[in-house]
Every structure is written in C-alpha cells, then in structure tokens.
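Asker: Provided below are the primary sequence and the corresponding predicted coordinates.
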Amino acid sequence: MAEEGSEPPRHWRTIVYAYAFGAGLVLLLAGLLITCHQKSLADDAGKRHASRLKSDGTPPAADGQPGPVAVKTGFYVDRVSAISVPDMMWNVDFYVWFRWRGSTVNPGENFQVMEGEIEDSRLITRHDNGDDHYELRKVKATITKVFTIDRFPNDDHGLTLAIEDAAQGVGELVYVADTEGSSVSSRVKVPGYAVKDAALVVKDHAYKTTRGDPRLEGQPKANHSQALYQISIKRDGWGLFFKLFLTMYIAVALSMLVFFIKPTDVDARFGLTVGALFAVMANAYVIQGALPAAGGLVMADLLTGMATLTLFLTVGQSTLALTLCHRGYEELANKFDRLSVIALSVAFVIVNVTIPLAAMR
C-alpha cells in the first residue's frame, strides 16, 4: 500500500481514464444499436401501413356486362368506446352503408366484421327505387387487434375495420369504396392516442380453402371482396412516456450522486446504487402490467436495460475507486469520480433522447 498522497503509477491512471471513458462509450454504442433497431422498426411499420392501404380489389363489371354486382360501401366511425393493448381488442360503434343495383345480392344482411364480432346491428333506413337500393346500418363490434408493441410507449397503430360478404365471393359481389362519404367523427377519442387520419380501400381476401363450397370445385381457394377502413392512431404526446419512466430516471439521477460521496463511505456509496437498482426493477414491473404477454423485447425493456447497465457500471466504478483509496491514491480516486459522473451522465442522457425519437414516425 502506497503512502497517502503519493504519485500513483501510470497504469492506474490508464485504468482510470480507460474505465471512465470506456463506460460512457459502452453506453453510447449500446444506445446506437438500439436507436438503429428502433428506427428500422418505425420504417417497417410505415411500409406495412402503406401496404395495408394499397387497393387491389377485383374491379366490378361494366354497366350492362355480366359479372359481380358493384356495392358502393362507406363507413362513419361514431365512437371508439374502448381499446386495450394487453387484451388485444378494441370496441367501435360505426355506421355502414351499401348502394347497389339488382336483387341478386343482399349486402346489408350478409356482411360480417373480420377478426371481430358484431354485438349489435340495427337497420337505420332502407330505400328501394326500382333496381336501385340503399341501406344504412349502425353496428357495434368488438375487434381483435394484435398490437405491434416493439416501440412501446412511442408506438402507433392502425385500427382496421374490415367487412366482407359472408355469402357471395368476388364472382358475385365486389365492394366499391365510397371514400368521399367515409369519415371519423370529431367526437372520437382513443384513450392515450390521437387520431391522425383514416383511409378506405377495397381488397380481395383469398382464403386457403374452398371451405367445401361445391361452386368452387376445381378452384384452389375462396375469394371475397373486402372493404377496409383503417384509422391511424398515434401516442398523444410524451405524457405516458414520462409517467412510465419518471421513477427510473430519478433512480439513475440519484445513483449519480454516489460520485460526490467518498469511496471509503461504503454503506452510503453502494447502498444508494443498490436502492436505485431496486427502483428500476420495480418500475420495469409496473411497465409490464401495461403490455400483453410477449416473447420479444420492446423499447421500454431496452431503456430499462440501459438504466440497469448504467447502475452496473456505477458499481464497478465505486469498487475501483475504493481500491484506489485503499492504496493511498485518494486524489486519483476523486478525479476518477469527476470523470465518471460526466461520462456516464452525458452518455445516459444522449441515449435516452435518441432512442425514443428514433421510435417515432
């Protein structure tokens, strides 16, 4: 053990600088990888959204020509009464209307909501003028939605309201999108989200089976026209983000105070960091309660991991600083503390700004 105040050997100074700046670099590199991953997820979500809204439906027959009946269809979403990410469902009240010619189809009686269940369907009005027909219905439905939560809590989603005729395939009936008439009520509020926009498209929905329909013998699958009205929702500001992570950020900030405590005050130095670690773990437990069971890591998990890594590096720094003091290099230990608080604090702030921003689109 060297005398107190003696000049430390060069290798100890090298270790101090390498650890302080290396710890900050480790956080920055891990943050860079996570940032790139979150950016990629956001880009993929945008591509899926655009692909979902690409119309590729079977065109109706020209007037006077044999073929499927064209049914002009539109939606007016009146209320989103509930949305639950953990339960993977949302409830919606909406109006749907059909305009068609002829008597070979009955779209108001035969439509079904895809990936959901109609709880109530009421006929509001029907007009028949010769071969021209119009029907308006009000529907209440519960729809299953597997929410993509990789970027939680900066996630956004498309709530898809899709209908198709249960009786007629594309050979008998095709929907035509009434884009001008379709809209979302200004009263629609989705808890925790802001409604951004909505779009109506018509697509063909091909099943992997004929479902035993004798009319489809010799064909590989059944094919139905489907009208999809997708409502885009996005997290409403940063309120939820700070509610979820405020405890974690306070815990990490408190752990930075250990660098202002003498390394020889072991109980205070290590006790504060261990307490911060328990706070981060408790915060992670609360966050998991807002998520469905999932096998992968979401952004919230990765941010918690970054906080845990920061605390681990803090414990390692305190251990090394204590060793320096025991060897009589107290001045070097104090310098080590000053370098570490700057490196770790700056790196942690940068990481926790860039990752959430990369997850947004």
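Answerer: Cool, the structure landed.

Asker: next up, the contacts around the closest residue in space to residue 140 that isn't next to it in sequence.
Answerer: Distances taken as C-beta to C-beta, 6 or more residues apart in numbering place residue 120 nearest to residue 140, at 4.3 Å, with adjacent residues excluded. All C-beta spots, glycine's among them, are computed from the backbone N, C-alpha and C. By C-beta atoms under 8 Å, 6 or more residues apart in numbering, the contact set of residue 120 is 138, 139, 140.

Asker: the last one belongs to a helix?
Answerer: No. Secondary structure assignment (DSSP: H, G, I helix; E, B strand; the rest coil) places residue 140 in strand, not in a helix.

Asker: isn't it right up against residue 119?
Answerer: Yes. Taking C-beta atoms under 8 Å as the definition, residue 140 is a contact partner of residue 119 at 4.7 Å.

Asker: just the strands in the stretch 51-200 of the chain please.
Answerer: 69-84, 89-101, 111-113, 116-129, 132-144, 156-165, 173-177, 183-184, 193-206 (DSSP state E, counting those that start in this stretch).

Asker: report the mean confidence score over the fourth one.
Answerer: This points to strand 116-129. Strand 116-129 carries an average pLDDT of 95.

Asker: any idea how far stretch 88-98 is from the chain center?
Answerer: 22 Å (C-alpha atoms, centre = their mean, to the nearest Å).

Asker: any idea what sits nearest residue 196, other than its immediate chain neighbours?
Answerer: residue 232 (4.4 Å).

Asker: distance of that neighbour relative to residue 109?
Answerer: Distance, residue 232 to residue 109, by C-beta to C-beta, to the nearest Å: 31 Å.

Asker: ditto for residue 124
Answerer: Taking C-beta to C-beta, one finds residue 124 at 14 Å from residue 109.

Asker: neighbour count for these two, which is higher?
Answerer: Legend: neighbour count by other C-beta atoms under 10 Å for residue 124 and residue 109, higher for residue 109 (14 against 11).

Asker: in the chain, which spans are helices?
Answerer: 10-52, 107-110, 239-255, 266-288, 299-326, 330-359 (DSSP state H).

Asker: format those as a markdown table; extra columns: mean pLDDT.
Answerer: Converted to a markdown table, those look like this (pLDDT from 0 to 100):
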| stretch | mean pLDDT |
| --- | --- |
| helix 10-52 | 93 |
| helix 107-110 | 92 |
| helix 239-255 | 93 |
| helix 266-288 | 92 |
| helix 299-326 | 95 |
| helix 330-359 | 95 |
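
Asker: let's have these in JSON lines, adding distance to residue 159.
Answerer: Shown next, in JSON lines, are the helices of the chain (distance: least, C-beta to C-beta, whole Å):
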{"stretch": "helix 10-52", "distance to residue 159": "11"}
{"stretch": "helix 107-110", "distance to residue 159": "23"}
{"stretch": "helix 239-255", "distance to residue 159": "18"}
{"stretch": "helix 266-288", "distance to residue 159": "23"}
{"stretch": "helix 299-326", "distance to residue 159": "21"}
{"stretch": "helix 330-359", "distance to residue 159": "20"}
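
Asker: residue 175: which of those is closest?
Answerer: helix 107-110 (8.2 Å; C-beta to C-beta).

Asker: so which bits of that closest one are buried?
Answerer: By 16 or more other C-beta atoms under 10 Å, the buried positions in helix 107-110 come out as 107, 108.
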